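Trainee: I'll drop the sequence and a predicted model, then ask my questions.
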Amino acid sequence: MQTALAPPATQDRVDRFDPSHMTQRCAGAGSSFQEEVPPPMTKQPTPVVPMATRDAGVSDTAFGHAGPFSEDGFFYKPVSTSQERLANETRMLELCTNGRQTNEPMSRFVPEYFGIVNRGQRRYIKLRDLLRDFSKPWLMDIKMGVRCYAEKELKNSKPRNDLYLRMVKMEGRMGREVLTPEERAAQAITKLRWMTLRDSLSSTQTLGFRVDAVVTSSFHKTAFESELFMAREDADVMAALRSFLPSRTACVGCTPREMACTLLIQLRELRQALMASKVFTETEFIGSSLFFAADTTGKVGVWMIDFNVTSACDTGLRHDIPWEAGNREDGYLIGLRNLERLWELLISQDEHWQ
Ligand SMILES: Nc1ncnc2c1ncn2[C@@H]1O[C@H](COP(=O)(O)OP(=O)(O)O)[C@@H](O)[C@H]1O
Ligand SMILES: [Mg+2]
């Protein structure tokens, strides 16, 4: 996708990805960063790129794109302002991209990585555009795991008024109160409290995943701005999953149920791949997403994305046992099994496909 104001491809000049120089390149990329300011707020909800943005191309300022954009089969994600987050993300992307040469089973589910590039005055992670073969895709972002915060948050007791105010807003949306009288008096909560509330109000703690965003031709829902924030019971989560697939009448030469079946097969393949993967065993996945795409011609896909808070765990993890402080378990496979179970249920119930 070529945007009118996009700089020419020759500006893709920095840190071209070369697997043979991976370690060197990675160290170089990290050390050249100027801004090491941690993000001022807790991470905003995943900005699933809305279709309108993708179709039109992200508008450009004089010097570079403001946000993520896709062009010529590549997807450009702005680098994080935190070096730690960037290092987490590039570690995973490099392991998986290199793993394509060594038959690492996870690799086919992770977008190929082409290094950090400059476009105008901004730096981007250059990835294969997962949606390059889709026509007007419908999208869904599912955050995996039984918790969405790193264990280091357990030690962070900083009171945050911004998170308190956000939760007050969520209470208004939910129509019920979840903050304690003490928190109201202090008008502040910690990041840990914010995160655990979000995990417990959604299906994260119970199912090991939550639907964080759905984008279709008719709506763009993020957890912050919709009922997804509190989709916790099976029925609510299934409704969200179903809402991501086109209706029967919108589909051409295919049915949404067939698409759900293909997705289920892909999820099963993903689980097999993860269970055979060394990279997966040695990584703690926090805040990472499964990214789903579908279009009305019947094309579907699911991939692993977003590794900002995903880090190495050399002792190895099982991913299918409960988390206890200190064991670093993320429950990724618990989430994947539940996701498969709910797709199976959806497929088996006729009323979802009328
Ligand atoms: N390789 C890719 N191809 C196409 N779209 C992508 C790709 N990677 C990410 N996206 C889109 O960008 C959004 C944000 O990416 P993500 O990695 O989750 O970044 P963030 O750290 O901002 O949450 C995703 O929800 C998805 O819509
Ligand atoms: Mg994300």
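Mentor: Thanks, I have it. Ligands and ions are numbered 1, 2, ... in the order given.
Trainee: Next, residue 327: secondary structure please.
Mentor: coil (DSSP: H, G, I helix; E, B strand; the rest coil).
Trainee: How about the contacts made by it?
Mentor: residue 321 (CB atoms under 8 Å, 6 or more residues apart in numbering). C-beta: built from backbone N, CA, C; applies to glycine.
Trainee: residues in contact with the residue most central in space within the chain?
Mentor: With distances taken as CA atoms, centre = their mean, the residue of the chain nearest its centroid is residue 289 (3.0 Å). Going by CB under 8 Å, 6+ apart, residue 289 touches 46, 141-144, 212, 304-306.
Trainee: and it, bridged to which residues?
Mentor: Beta-bridge partners recorded for residue 289 (DSSP bridges): residue 143, residue 305.
Trainee: in the lengthiest helix in the chain, what counts as buried?
Mentor: What stands out as the longest helix in the chain, according to DSSP state H, is helix 256-275. For helix 256-275, a neighbour-count test (16 or more other CB atoms under 10 Å) marks 256-260, 262-264, 266-267, 270-271, 273-274 as buried.
Trainee: outside of that helix, which residues touch it?
Mentor: 105-106, 108-109, 242, 245-248, 251, 280, 290, 292, 294, 298, 300-302, 304, 319, 332-333, 336-337, 339-340, 343-344, 346-347, 352-353.
Trainee: For the stretch 201-350 of the chain, which residue gets nearest to ligand 2?
Mentor: residue 306 (3.7 Å; CB to the ion).
Trainee: how far away is that residue from residue 68?
Mentor: Distance of residue 306 to residue 68, given as CB to CB, to the nearest Å: 11 Å.
Trainee: Which secondary structure elements does whichever strand or helix holds residue 197 sit against?
Mentor: Using DSSP states H and E, residue 197 sits within helix 191-201. If contacts are counted by 3 or more CB pairs under 8 Å, 6 or more residues apart in numbering; DSSP states H and E, helix 191-201 sits against helix 161-174.
Trainee: Show the subsequent helix or strand relative to the helix it packs on.
Mentor: helix 181-186.
Trainee: Show me which residues of that next one are buried.
Mentor: Buried residues in helix 181-186, counted by 16+ other CB under 10 Å: residue 183.
Trainee: Averaged pLDDT, that helix. What do you get?
Mentor: Averaged over helix 181-186, pLDDT sits at 98.
Trainee: Run through who's touching it.
Mentor: Here helix 181-186 makes contact (CB under 8 Å, 6+ apart) with 159, 164, 189, 193.
Trainee: mind running it again at 10 Å?
Mentor: Identification of contacts with helix 181-186 by CB atoms under 10 Å, 6 or more residues apart in numbering yields 159, 161, 164, 167-168, 177, 179-180, 189-190, 193.
Trainee: sorry, back to before: going by neighbour count, which of the contacts of helix 256-275 are buried?
Mentor: Neighbour-count burial (16+ other CB under 10 Å) is assigned, among the contacts of helix 256-275, to 105-106, 109, 242, 245-247, 251, 280, 290, 292, 294, 298, 300-302, 304, 319, 332-333, 336-337, 339-340, 343, 346-347, 352-353.
Trainee: What is the burial count for the closest residue to residue 234 other than its chain neighbours?
Mentor: Closest residue to residue 234 apart from its sequence neighbours, by CB to CB, 6 or more residues apart in numbering: residue 342 at 6.3 Å. The tally of other residues near residue 342 (other CB atoms under 10 Å) stands at 21.
Trainee: now the end-to-end length of stretch 314-327.
Mentor: End-to-end distance for stretch 314-327, by CA to CA, to the nearest Å: 12 Å.
Trainee: Can you tell me which of the contacts of helix 181-186 has the most neighbours?
Mentor: Ranking those using other CB under 10 Å puts residue 189 first, with 26 neighbours.
Trainee: Kindly provide the distance from the residue lying closest to residue 129 once chain neighbours are set aside to residue 168.
Mentor: With CB to CB, 6+ apart as the measure, residue 75 is the residue that lies nearest to residue 129, at 4.2 Å, once sequence neighbours are left out. Shown here: residue 75 relative to residue 168, a distance of 35 Å by CB to CB.
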